[in-house]
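kindly return the folded structure for what I paste below:
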Amino acid sequence: MRETESRSDWVLGLSLVQVILLLFFASMLIYVTENVEVRGQEPQTQEANLEARLDAATEQNHDLEKRLGEITLFVDELKLMVGAKVLSKEGFQEAIESLKRGYSLCQKDDNTLIEASIQNGAETLQVIGEIPSDLEVNMVKGDQTSDIDEIVSFIQDVYQYEKDRKCRFNYRLKYATDNDYRKAREGFEKYFYPEKIFRTG
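Purely as a prediction, here's the structure:
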């Protein structure tokens, strides 16, 4: 009887071990199967994410290209509006300066041609800038005169040059009194743009 019971206990014990092993293997099988399925899906998920990012980057690139086109069109229109000769920062600065002045510069490097001085009604004109090679005048750089006829002749030649080229030279003014100031502004600013104005009196 005891032998039969021990055998049945052994069989029952063996069955419990088998059941535990079967459960273990079953759980391992489920775990492995799930991992294999997940791993099989990972490349697909990564590919989908990559495609989504690529689509987003492509759309952003199209938006940037559109905005760049709009900005380029705006800059081209602005260039025409302000009269910039060159599409650059310097070109726009020169054009804006010309708009403020009402005329373009006659010379890019140094556009200040003369220094006028009126002291208690007495006028003096000195050439302080380089005379362009195609401007024919009766004075050269460094010359100074108080002769009214020479001053008038010089200014008339300069004015004709400016009219032909649609430009305007700068000038400097030194004056002593309010009357000197008014006289100079009325006389010289028909032909020159004021660069600097000094009061000496």
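
so what sits opposite residue 175 in the bridge?
Beta-bridge partners of residue 175, counted by DSSP bridges, are residue 118, residue 199.

just the helices in this structure please.
Assigned helices in the chain, in chain order: 2-82, 89-101, 148-165, 178-188 (criterion: DSSP state H).

pLDDT on the third one, on average?
What it means is helix 148-165. Regarding helix 148-165, the rounded mean pLDDT is 94.

residue 180 and residue 121 touch, don't they?
Yes - between residue 180 and residue 121 there is a contact under Cβ atoms under 8 Å: 6.8 Å. To be clear about C-beta, it is placed using only N, CA and C from the backbone, and glycine gets the same treatment.

ok, these two, which is more surrounded?
Ranked by neighbour count (other Cβ atoms under 10 Å), residue 180 and residue 121 place residue 180 first, with 22 against 10.

list the contacts for the more buried one?
118, 119, 120, 121, 201 (Cβ atoms under 8 Å, 6 or more residues apart in numbering).

change it to 6 Å
Residue 180 makes contacts with residue 118, as judged by Cβ atoms under 6 Å, 6 or more residues apart in numbering.

next one: it from residue 71, what distance?
Taking Cβ to Cβ, to the nearest Å as the measure, residue 180 falls 50 Å from residue 71.

and what of residue 160?
With Cβ to Cβ as the criterion, residue 160 and residue 71 are 42 Å apart.

what's the nearest residue to residue 174 if we skip its chain neighbours?
residue 117 (4.2 Å; Cβ to Cβ, 6 or more residues apart in numbering).

and the closest residue to residue 190 other than its chain neighbours, how many neighbours does it have?
Once flanking residues are discounted, residue 190 sits nearest to residue 159: 7.8 Å by Cβ to Cβ, 6+ apart. Residue neighbour count, defined by other Cβ under 10 Å, stands at 15 for residue 159.

cheers, nothing more for now.
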